[in-house]
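**Q** generate coordinates for the sequence data below:
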Amino acid sequence: MRLSRHFSTKWLIVSLCLLAPASCAISRQQKRQLKEKVKSMFLHGYQSYMTHAYPADELMPLSCKGRWRSHGSGRGDIDDAMGNFSLTLVDTLDTLVLLDETEEFERVVKLVIASVRFEQDIVVSVFETNIRMVGGLLAAHVLAKELQRRRGEMMWYRSELLDLAQDLGYVLLKAFDSATGMPYPRINLKYGLDGLDHQKHTCAACAGTMLLEFAALSRLTGDPIFEEKSRLAMDYLWHKRHSSSSLMGHIIDVDSGDWIRRESGIGAGLDSYYEYVLKTYILLGDETYLHRFHRHYQGLLKYVMVNSRMQDVHMHQPQSTSKPYLDALTAFFPGLQVLYGDVELAKDSFRTLHKVVQRYNFLPEAFTPEPELRMYWAESYLRPEFIESTYFLYSATKDPFYLEVGENLVESLEIYSRVKCGYAALKDTNAGTHDDRMDSFFLSETLKYLYLLFSEPEELLVDLHDYIFTTEAHLLPVQLARQNVTFFPRQHLEVHTHSEEPSLSCPSSHLVVNFSSIWDEFIDVSPLDSRDASAVPQCRHRPEMSQTAQQQRLQQRSVFASEINWENPEHVILLAEMGITVVKRDGTILISQDAAKAKHMGLAAEGMLFLQEIAQTFRQPSARELFFPPAAVRITSEQTGLDRILKAAPAQFGKQLGKDLTTLKGKLAYADPPSACTADGLTNIRGNIAVVSRGSCMFVEKARNVEGAGAVAMIVVDNKEGTSFQADVSAFAMSGDPGSNNTAVTIPALFLYDVEGKVLLDAFNRCDDLVVTMGPGQ
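**A** Presented below is the predicted three-dimensional model:
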């Protein structure tokens, strides 16, 4: 991966194109023949799917028919990847372009635009839907734009695939409505979390494999909500690592944040979390993630990859192994080591995996660690991870050995897996018995990496050095990096200055993103259309001022942190002159400083002082009130003599109590349905304060619905047993989904935890004359 990042560390990301190639034993003619062979294999599988299965999600190669997602009995969790949205076709779109099947690509893009929708009453995996569907749509959009730019083809295309990706992104956003900000593992395409929020145990990889696709979605559409949500999830996972070893557990509770299973390794359940930590740095240029990966990698080498012997260990007792086998997903890790620059250790890791493949022709689903390397589970689903690492190692070393490994895999696929209608997975790699399944990743990843292994760079439509592969092998352009953004998550505040944390360097090539209109006021780049991949903003440097002038400027401070008013436009302009940007969205405050964007170096230095003052202020106990002012609900009854104040959390939408209006007094009314996720039936709340339950849709959707039904305010009661304002003291504010509806909310809204909510509801049921007053907290 050729990168334009610069940093001072002995661990360098290797620029693959700069590594000296070894002499190649396989001629270019032989490589070309193997490349064409792989292409014919792809077309056999792809055409079988289109002929016998489309528009179903997957091909059943033995039955020669499609596999649909049904409401009845199925294959359990395996089916969670399917949503009756032509999964295999969407997952395979960018492979068609790389194989230069651009006419077919254009034809099926029109099919996808016309037929793929996300309104089915089907529960899907958030993780799988993101990496296969969102990633597939984004990569296809990017390559459609490349075809327009390079070849003048598909000039009719107007970002319809990006629109579909955004639609699906908003569906998946609802999964992030957890207490920690990590996504729930499953979502109903039509009804969101309705009835699913009890399924709160998810794997670290499931929660931590959203950021590449969601960041790209934000950068390409201009809506930052996707990147914000997925970054906060990654931040929370990083916070939950083991403090000394930096190892991660396997299964985590998205509400409590407790580890449910604490096995630690590099295989299933953890693999793509580590992958996305490193690749987030490569895609976005945020060196915080490089620092995190370095910490993780040190722990993995010490406990999981001991002398290149891979093993799973206990997170809190890493000296002891946790299970007697390794799974096939482990095979991705040598490729990741190549991206990190540790090529020699990547070779060692690969040798172990290759021994297993030599013994069984494929990598079985599970096998024992060295020295035995025996089959543990006999199935093989034709996964891509082994050939993925083969491809990266060949790209880095040009060693013909890896071409020979690929050639052997081609032969094995043809001999043991090819059937009349595509390629069948193996139930037993020893016996050679087939399974009636051809997962979408076989076309989107396995054959893609095999084809690229035998391809020459000049034969491809795009320069792969300008892209990063997602965990599903979808291409995203590394030019998406733009500006160093420091996040203020709900749980804590981080201020990164150049002296404390790594920062971004200016990208050296074009960008394809207009992140948000607010950035245009602060970021010194040329105008950019988010849907025009040919736009090329330029970094510009400011004239420096003398050291004496800088010192004088620091003595004449423009604004101190204690004086700042985030709503004052003059203060915002002053911060912009220091190179500081401020964005408030969805209960999160984002601050960044890029000294190169300051008006002059004196103001840049003042900006660093300002950030240090903010950090110091936030560490004080009262700092949370600056960003999350407390609220309260007072309940009174003359009949019973009740007079009680309940502490509440505010909303980041609607009228702000204590600011837009002092208090609001009224009578309560239950919303029906209680979730208020639909406007239908909300007829009994007009003129009253609507009481709704948490869950099933975004907070702001509830507010819009009850306001539309005539409610004067809204109180949301937590649906999670035992929560209370006192126990959940971390800053919290109800947020919304700015993309679902642009209609503004004008009524006030407050949130009561379970304990306080039960007090309110009990009083409502007992006291006919109950009066509720909503206002600011004390």
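**Q** and stretch 114-130, what's buried?
**A** Of the residues in stretch 114-130, Val116, Phe118, Ile122, Val123, Val124, Ser125, Val126, Phe127, Glu128, Thr129, Asn130 count as buried by neighbour count, 16 or more other CB atoms under 10 Å. All C-beta atoms are positioned from the backbone trio N, CA, C, and that covers glycine.
**Q** straight-line length of that stretch, end to end?
**A** 21 Å (CA to CA, to the nearest Å).
**Q** shift numbering so it begins at 58
**A** Got it, the first residue is 58 from now on, which makes the last one we talked about stretch 171-187.
**Q** pLDDT, secondary structure and distance to Leu507 added to the buried residues of stretch 171-187, as JSON lines?
**A** Output for these, formatted as JSON lines (pLDDT from 0 to 100; DSSP: H, G, I helix; E, B strand; the rest coil; distance: CB to CB, whole Å):
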{"residue": "Val173", "pLDDT": "97", "secondary structure": "coil", "distance to Leu507": "27"}
{"residue": "Phe175", "pLDDT": "96", "secondary structure": "coil", "distance to Leu507": "31"}
{"residue": "Ile179", "pLDDT": "94", "secondary structure": "coil", "distance to Leu507": "32"}
{"residue": "Val180", "pLDDT": "94", "secondary structure": "strand", "distance to Leu507": "33"}
{"residue": "Val181", "pLDDT": "96", "secondary structure": "strand", "distance to Leu507": "28"}
{"residue": "Ser182", "pLDDT": "96", "secondary structure": "strand", "distance to Leu507": "26"}
{"residue": "Val183", "pLDDT": "97", "secondary structure": "helix", "distance to Leu507": "29"}
{"residue": "Phe184", "pLDDT": "97", "secondary structure": "helix", "distance to Leu507": "25"}
{"residue": "Glu185", "pLDDT": "97", "secondary structure": "helix", "distance to Leu507": "22"}
{"residue": "Thr186", "pLDDT": "98", "secondary structure": "helix", "distance to Leu507": "25"}
{"residue": "Asn187", "pLDDT": "98", "secondary structure": "helix", "distance to Leu507": "25"}
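**Q** just flag the most distant two among those.
**A** For these, with distances taken as CB to CB, the pair at the greatest spread is Val173 and Phe184 (19.3 Å).
**Q** surely Leu268 meets Tyr330?
**A** No. Using CB atoms under 8 Å, Leu268 makes no contact with Tyr330, being 10.1 Å away.
**Q** which one of the two is surrounded by more residues?
**A** Taking neighbours as other CB atoms under 10 Å, Leu268 and Tyr330 compare with Leu268 leading, 25 against 22.
**Q** nearest residue to the more buried one in space, please, no chain neighbours.
**A** The shortest distance from Leu268 to any non-neighbouring residue, by CB to CB, 6 or more residues apart in numbering, is to Ser287 (4.3 Å).
**Q** and what about that neighbour, helix, strand or coil?
**A** The local conformation at Ser287, judged by DSSP: H, G, I helix; E, B strand; the rest coil, is helix.
**Q** looking at the chain, which residue ends up farthest from its center?
**A** When distances to the mean C-alpha position of the chain are computed (CA atoms, centre = their mean), the maximum falls on Gln696, with 53.1 Å.
**Q** roughly how far apart are it and Lys724?
**A** Remark: distance between Gln696 and Lys724 (CB to CB, to the nearest Å) = 14 Å.
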